[in-house]
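A.B. asks: Make a model of this:
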Amino acid sequence: MKAHFIAIGGSAMHNLALALAERGDTTITGSDDAIFEPSRSRLAAAGILPESEGWFPEKITSDVEAVILGMHARADNPELLRAQELGLPIFSYPEYLYEATKGKTRVVVGGSHGKTSTTSMLLHALRMDGLDVDYMVGAQLAGYQTMVRLSNSAEWAVFEGDEYLSSPIDLRPKFHLYRANVAILTGMAWDHVNVFPTMADYEKAFSGFLESMEPGGTLIYNEEDEALTAVVLADQSPIRKIPYRTPAYRVEHNQWIWETPHGDLPLRIMGRHNLSNAEGARWLALEMGIQEEDFYDAMATFEGAQRRLEVLAESEARCVHLDFAHAPSKVKATVAAYVETYDQTVGLLELHTFSSLNPAFIPGYAGTMKGLGQAMVYFDPAAVAHKKLPALDPAWVQETFGPGVKVFTRQEEVQAALEALPATCHVLIMSSGNMGGIDVRTWASSWV
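C.D. replies: Numbering: from 1, shown residues only. Here you go, the predicted model:
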């Protein structure tokens, strides 16, 4: 088989290309107008890095059996136009994953927050139990070469299910296309305002997901989320619905302990939200045939996904954690976990995404950094202008976040604030961007 990737350098796209190359039965070609690390090195190591950056319609020939279209491409992409002209099969990323696994039992992990962590927990338990599965997860996990696997042997496929749009020419939410047999929804909090202008629009993506599930399937959902529960209970799809909630736990000397029916389970992760994620993953594991005690044993060794309360550096007096949190619900949950774990806390949040820099969305951050000893917010006015959003007044942003929050708009200010931190403190950095170019990993190592 011959497959061509339009926008092969994307995080998800290059992982899918690597997975198909590793399987060995597909000839891979691809194009992109910009390919960054680590995608560039990984594609090069697999021998499938495009020779030149740019779009080349001549690569699209009649013998291409699948054109896989990434979100980075536009609807007028010259390679896409050529593929349409030739009448070739064109798939979005999620559409292709479905086609490759439609003979398997598909498990989809969805929700506004906790998707990657829950998927990672489940995969960790499945690997320890020796269950052969295909998968797709949105972050790099320790012990995994690629974050997509498509085999000819596995009977199960586990996908992290994103509610964002599938491709420039397919405006359906990605997780609709997987047609889940088993699924979990971890929560529902308005996000992606450029695609879902209102909460009602966002809710439709989730109600549509329930309707997309295979008849007779099983949905596990977080009943502590009232908005999500209302959507689930209003749904009339022919599926089984199982609610779950955060299990009992306690925190002793910075150690989070899960109070399971089989006894206390010390964890290597922190946060009430992660206990909720773990409970959801437990339900999924049970649906897949994993024994409850085996799941708990696996959770005792789970260390978390990259950029999910990831420890960058620590000493007796200081530590630095990095988290991908950027939407209000994620920031609130991550900050709460940090404050419940540590004293003398400092939080630094970068507003980076289209939603987080949108004045209509920012009021959702009110109170999200409450409890921190020091709270700081950074945004780049140039990023606001680049996204063609209204200019943000730093004073208004500070007032919206709440008392005590410092707002910075220059990288130099952020760097100075970090260097001025007290001798003893615990620092939580939250960003889906690059903090204005600050190498936080190097800084953490030198500062701690």
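A.B. asks: C-alpha from now on. contacts and neighbour counts both.
C.D. replies: Fine.
A.B. asks: and stretch 283-297, how far from the chain's centre?
C.D. replies: In this view, stretch 283-297 has its centroid 23 Å away from the chain centroid, taken as CA atoms, centre = their mean, to the nearest Å.
A.B. asks: Stretch 68-76 too?
C.D. replies: 20 Å.
A.B. asks: How far does it stretch from one end to the other?
C.D. replies: 15 Å (CA to CA, to the nearest Å).
A.B. asks: Pull out the buried residues from it.
C.D. replies: For stretch 68-76, burial by neighbour count (16 or more other CA atoms under 10 Å) applies to 68-73.
A.B. asks: Then stretch 275-283?
C.D. replies: Neighbour counts using 16+ other CA under 10 Å place 275-283 of stretch 275-283 among the buried residues.
A.B. asks: how about the residues you listed in CSV, adding distance to residue 365?
C.D. replies: Listed next are the buried residues of stretch 275-283 as CSV, based on distance: CA to CA, whole Å:
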residue, distance to residue 365
275, 23
276, 22
277, 22
278, 25
279, 27
280, 26
281, 28
282, 31
283, 31
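A.B. asks: In a markdown table, list those along with distance to residue 198, pLDDT and secondary structure.
C.D. replies: Supplementary listing: the buried residues of stretch 275-283 in a markdown table, determined by distance: CA to CA, whole Å; pLDDT from 0 to 100; DSSP: H, G, I helix; E, B strand; the rest coil:
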| residue | distance to residue 198 | pLDDT | secondary structure |
| --- | --- | --- | --- |
| 275 | 30 | 97 | helix |
| 276 | 27 | 97 | helix |
| 277 | 26 | 96 | helix |
| 278 | 30 | 98 | helix |
| 279 | 30 | 98 | helix |
| 280 | 27 | 98 | helix |
| 281 | 30 | 98 | helix |
| 282 | 33 | 98 | helix |
| 283 | 31 | 98 | helix |
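A.B. asks: which intervals of this structure have sub-threshold pLDDT?
C.D. replies: Residues of the chain that meet the criterion pLDDT under 70 are absent altogether.
A.B. asks: So it: which segments form each domain?
C.D. replies: For the chain, the structural domains run 2-88, 96-299, 310-447, going by automatic domain parsing.
A.B. asks: Tell me, how many residues neighbour residue 41?
C.D. replies: For residue 41, the number of neighbouring residues by other CA atoms under 10 Å comes to 13.
A.B. asks: Pretty sure it sits in a helix.
C.D. replies: Yes: counting by DSSP: H, G, I helix; E, B strand; the rest coil, residue 41 is part of a helix.
A.B. asks: residues touching residue 436, list them.
C.D. replies: For residue 436, the contact set (CA atoms under 8 Å, 6 or more residues apart in numbering) comprises 380, 410-411.
A.B. asks: 6 Å instead, please
C.D. replies: By CA atoms under 6 Å, 6 or more residues apart in numbering, the contact list for residue 436 reads residue 411.
A.B. asks: What of residue 206?
C.D. replies: Taking CA under 6 Å, 6+ apart as the test, residue 206 contacts no residue whatsoever.
A.B. asks: repeat that for 8 Å
C.D. replies: For residue 206, the residues meeting the contact criterion (CA under 8 Å, 6+ apart) are 163, 231.
A.B. asks: quick one: secondary structure of it?
C.D. replies: Classification of residue 206 by three-state DSSP places it in helix.
A.B. asks: Which parts of the stretch 301-448 of the chain are strands?
C.D. replies: If you assign secondary structure with DSSP state E, counting those that start in this stretch, the strands in the stretch 301-448 of the chain sit at 310-314, 318-323, 345-350, 374-378, 405-408, 425-430.
A.B. asks: closest to residue 210 out of the ones you listed?
C.D. replies: Distances from residue 210 to each of those were compared using CA to CA; the minimum, 29.4 Å, belongs to strand 318-323.
A.B. asks: okay, the angle between that closest one and strand 310-314?
C.D. replies: Note on geometry: by axes from the mean of the first three to the mean of the last three CA atoms, to 10 degrees, strand 318-323 and strand 310-314 are set 160 degrees apart in direction.
A.B. asks: quick one: strand 318-323 to chain centroid distance?
C.D. replies: Centroid separation between strand 318-323 and its chain, computed with CA atoms, centre = their mean, is 19 Å.
A.B. asks: and if you look at stretch 204-222?
C.D. replies: Stretch 204-222 sits 19 Å away from the centroid of its parent chain (CA atoms, centre = their mean).
A.B. asks: So which bits of that stretch are buried?
C.D. replies: 205-207, 209-214, 217-222.
A.B. asks: got it, and stretch 415-425?
C.D. replies: The neighbour-count check on stretch 415-425 (16+ other CA under 10 Å) flags 418, 425 as buried.
A.B. asks: Could you do stretch 355-363 as well?
C.D. replies: Using 16+ other CA under 10 Å as the burial criterion, the residues of stretch 355-363 that qualify are 355-359, 361-362.
A.B. asks: okay, how far is it across that stretch, tip to tip?
C.D. replies: Stretch 355-363 has an end-to-end distance of 11 Å (CA to CA).
A.B. asks: repeat for stretch 264-279
C.D. replies: Distances were taken as CA to CA; on that basis the terminal residues of stretch 264-279 are 15 Å apart.
A.B. asks: one step back: so which of the strands of the stretch 301-448 of the chain comes closest to residue 96?
C.D. replies: With distances scored as CA to CA, the stretch of the strands of the stretch 301-448 of the chain nearest to residue 96 is strand 318-323 (29.9 Å).
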